[in-house]
Structure formats: structure tokens, C-alpha cells
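Enquirer: how would this look folded up:
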Amino acid sequence: MRTTVVVVDGMGGGIGGQLIGKLKESIDSDTEIIALGTNAVATERMVKAGAHRGATGENAIRVSVSSGDFILGPIGIVIGNSMMGEITRGIAAAVLAAPGERILLPMQQDHFFIAGLEQLPLVKMIDRVLEIFRERIKAKKLTPPA
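Expert: Numbering: from 1, shown residues only. Just a heads-up that it's a prediction; the model follows:
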């Protein structure tokens, strides 16, 4: 059974690039990684990190995010106007409406605060996201199709 992982990022694509780099270490050949960037720099960085393919811009994200069994990225991808405005309300709504399971990094931003969240270095947050991903993909593969 083929699994598709969509990674959404903006700005310079640094978080998405790190996610993809680490993700490549823990996936099998039946897993495809799609990089969706709000801008060309973010997409290029994620593709260079090892995504199988990528697309750029609001419409590409809105159309392609629904193809993912899993959607990974910083929490800002579900909050309109986050990432200095790069995440539009349309992108946030599309990510939230997509059928895939979202595993998000709890990154703090200037215009919102996540109460009770332990501040961890980015590397540790990425490791935790990948740990959750491995648990969830294992559970999906063990669950028989309906």
C-alpha cells in the first residue's frame, strides 16, 4: 500500500527541509514525499532535501494537500496569516479540510502563543514528529482496510 506524505512549509523552507531530510531516513520505497511550499525557495529547499516532487503557491497547496495520507509541517500551516502572511486563509482551510492525518510542529509565532507547551529545540521537535509519524504509519498498516 503506497503512502503519501505531504510536507508544507513557507519562508525559506528550513523546517520542511529538515523534516524531509530526517523523514527520508525512516521511510520505505512505498512512501512518496511531496513538498508544498508557499514560495519557490521553500519548495526548492524541500526538494533538495529529498522530496520526490514539489509544487509552489497557494493554488498548488490547496489542490495537492488532499493527496497526502499524512501532512507534516509547522503549526502555522493551519493558521491563516501566519508565517508573516505566507499562509493564507485558503491554505490554512485546505490543510484543515484535507483527509490526511496532520502531525504539526508546535512552533511559537509572534501573533499566537500555545499555552502549556514545553519549549524544545527544533531538532527535538522534529524527532518527536517523526516518532509520532512512525507510530501512526505502523498503526495504519496494521489496520485492515474497511
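
Enquirer: from now on I want contacts and neighbour counts done on CA atoms only, so please keep to that.
Expert: Will do.

Enquirer: the longest helix belonging to the chain: which residues count as buried?
Expert: The longest helix of the chain (DSSP state H) is helix 122-142. Within helix 122-142, the residues that qualify as buried by neighbour count (16 or more other Cα atoms under 10 Å) are 125-126, 129-130, 133.

Enquirer: redo the residues you listed as TSV? Include pLDDT and distance to residue 12.
Expert: Written out in TSV, the entries for the buried residues of helix 122-142 read as follows (pLDDT from 0 to 100; distance: Cα to Cα, whole Å):
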residue	pLDDT	distance to residue 12
125	93	18
126	94	17
129	94	20
130	94	21
133	94	23
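
Enquirer: tell me the one of those nearest residue 69?
Expert: Here the nearest of these to residue 69, counting by Cα to Cα, is residue 133; it sits at 10.8 Å.

Enquirer: counting by contacts, list what the helix or strand of the chain with the lowest mean pLDDT packs against.
Expert: Lowest mean confidence among the helices and strands of the chain (mean pLDDT, DSSP states H and E): helix 122-142, at a mean of 90. The elements that helix 122-142 packs onto, with contact taken as 3 or more Cα pairs under 8 Å, 6 or more residues apart in numbering; DSSP states H and E, are helix 14-24, strand 101-105.

Enquirer: looking at these, which is closest to residue 52?
Expert: Proximity to residue 52 (Cα to Cα) singles out helix 14-24 among these, at 10.0 Å.

Enquirer: let me know the closest of the buried residues of helix 122-142 to residue 9.
Expert: Nearest to residue 9 among the buried residues of helix 122-142: residue 126, at 13.6 Å, using Cα to Cα.

Enquirer: tilt between the least confident helix or strand of the chain and helix 14-24?
Expert: Orientation note: helix 122-142 sits at an angle of 50 degrees relative to helix 14-24 (axes from the mean of the first three to the mean of the last three Cα atoms, to 10 degrees).
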